[in-house]
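Visitor: Would you be able to build a 3D model of this:
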Amino acid sequence: HNITLVLTCLTNILRGSEAGLSTVVDTLIGLDLREINGRITPVIAVLKMRGSPHSRNIGYIEIHEGIIEVRES
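Guide: As a prediction, this is how the structure comes out:
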């Protein structure tokens, strides 16, 4: 049917609380905040991407001058 659905969830899937979502979605992306060197840093990880050999590393999100960059740890 070519339908795309974006679901959001307030549980922290990066810390193991995915609430059963992985069985019903093709892609699962987690966002979180981490303290790194005394600074709060947003992080992102692709926990599941069905049929894709994706990176399982946590990426650090940097926002500067209107540009968003994701750097791998």
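Visitor: how close does the residue nearest to residue 72 when sequence neighbours are not counted get to residue 70?
Guide: Computed as Cβ to Cβ, 6 or more residues apart in numbering, the closest residue to residue 72 that is not its neighbour in sequence is residue 57, at 4.9 Å. C-betas here are computed from N, CA, C, even on glycine. Relative to residue 70, residue 57 is positioned 10 Å away (Cβ to Cβ, to the nearest Å).
Visitor: what is in contact with those two at once?
Guide: Here residue 57 and residue 70 have no joint contacts, going by Cβ atoms under 8 Å, 6 or more residues apart in numbering.
Visitor: Just give me the neighbour total for the residue nearest to residue 72.
Guide: Counted with other Cβ atoms under 10 Å, residues neighbouring residue 57 total 11.
Visitor: Over to the one 4 residues further on?
Guide: Applying the criterion other Cβ under 10 Å, we find 14 residues in the vicinity of residue 61.
Visitor: One more: the one 4 residues further on?
Guide: By other Cβ under 10 Å, the residues close to residue 65 number 4.
Visitor: change the start of the numbering to 41 and stick with it
Guide: Got it, the first residue is 41 from now on, which makes the last one we talked about residue 105.
Visitor: residues contacting it?
Guide: Counting by Cβ under 8 Å, 6+ apart, residue 105 has no contacts.
Visitor: So the residue nearest to residue 112 is in contact with residue 87, correct?
Guide: No: with contact defined as Cβ atoms under 8 Å, residue 97 does not reach residue 87; the gap is 11.3 Å.
Visitor: hmm, back to that, over to the residue nearest to residue 112. Which of the three states is it?
Guide: When classified by DSSP: H, G, I helix; E, B strand; the rest coil, residue 97 comes out as coil.
Visitor: separation between it and residue 69?
Guide: 13 Å.
Visitor: any shared contact partners between these two?
Guide: Common neighbours of residue 97 and residue 69 (Cβ under 8 Å, 6+ apart) are residue 85.
Visitor: which residues sit against stretch 62-71?
Guide: 47, 52-54, 58, 61, 82-91.
Visitor: again, only using 10 Å
Guide: Contact partners of stretch 62-71, identified using Cβ atoms under 10 Å, 6 or more residues apart in numbering, comprise 45-49, 51-55, 57-58, 61, 82-92, 94, 98, 101.
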